[in-house]
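# just coords:
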């Protein structure tokens, strides 16, 4: 049938200008934004300095794992495993009193900030 032939052919339409973002990525982005707000809200200067140090460690590890060219989907994929590698990285390079209690906030904030460098990032 002629109609079936049209369905089987590949589309010749040009790519849309914006990327389609999956619900998993959108959910992760909301978690990252919330964690970033919580990190910024730290009002104790000693605690804030500890969080910044841990944030840098997690960000450095993200850079090592993903490089500078990545998509939000790839970043969200890495987020699934972040608990393991972030715990190890922070324990080795930035362990401070109570760091395990704030690790989720640090992870999310690092992903939030790193997402801005994604090739398909849109505010």
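In hand now; what should we look at? Quick caveat: nothing in here was measured; it's all calculated off a predicted structure.
# From here on, just use CA atoms for contacts and neighbour counts.
Noted.
# Return the set of buried residues in the longest helix seen in the chain.
Counting residues, the longest helix found in the chain (DSSP state H) is helix 45-66. When burial is assessed from 16 or more other C-alpha atoms under 10 Å, helix 45-66 yields the following buried residues: 47, 50, 51, 52, 53, 54, 55, 57, 58, 59, 61, 62.
# show me what contacts the nearest residue to the fifth one once chain neighbours are set aside?
This means residue 53. Nearest non-adjacent residue to residue 53, counting by C-alpha to C-alpha, 6 or more residues apart in numbering: residue 94, 6.5 Å away. By C-alpha atoms under 8 Å, 6 or more residues apart in numbering, the contact list for residue 94 reads 50, 53, 54, 57.
# Poorly predicted segments of the protein, please.
Scanning the chain with the threshold set as pLDDT under 70 gives 1-21.
# Closest to the centroid, which residue in it?
residue 111 (3.0 Å; C-alpha atoms, centre = their mean).
# which residue packs closest to residue 112, ignoring adjacent ones?
In space, residue 112 is closest to residue 32, 4.8 Å off (C-alpha to C-alpha, 6+ apart).
# Report the distance from the helix or strand that contains the one you found to the chain centre.
Taking DSSP states H and E as the definition, residue 32 sits inside helix 23-40. Here helix 23-40 is found 8 Å from its chain centre; the criterion is C-alpha atoms, centre = their mean, to the nearest Å.
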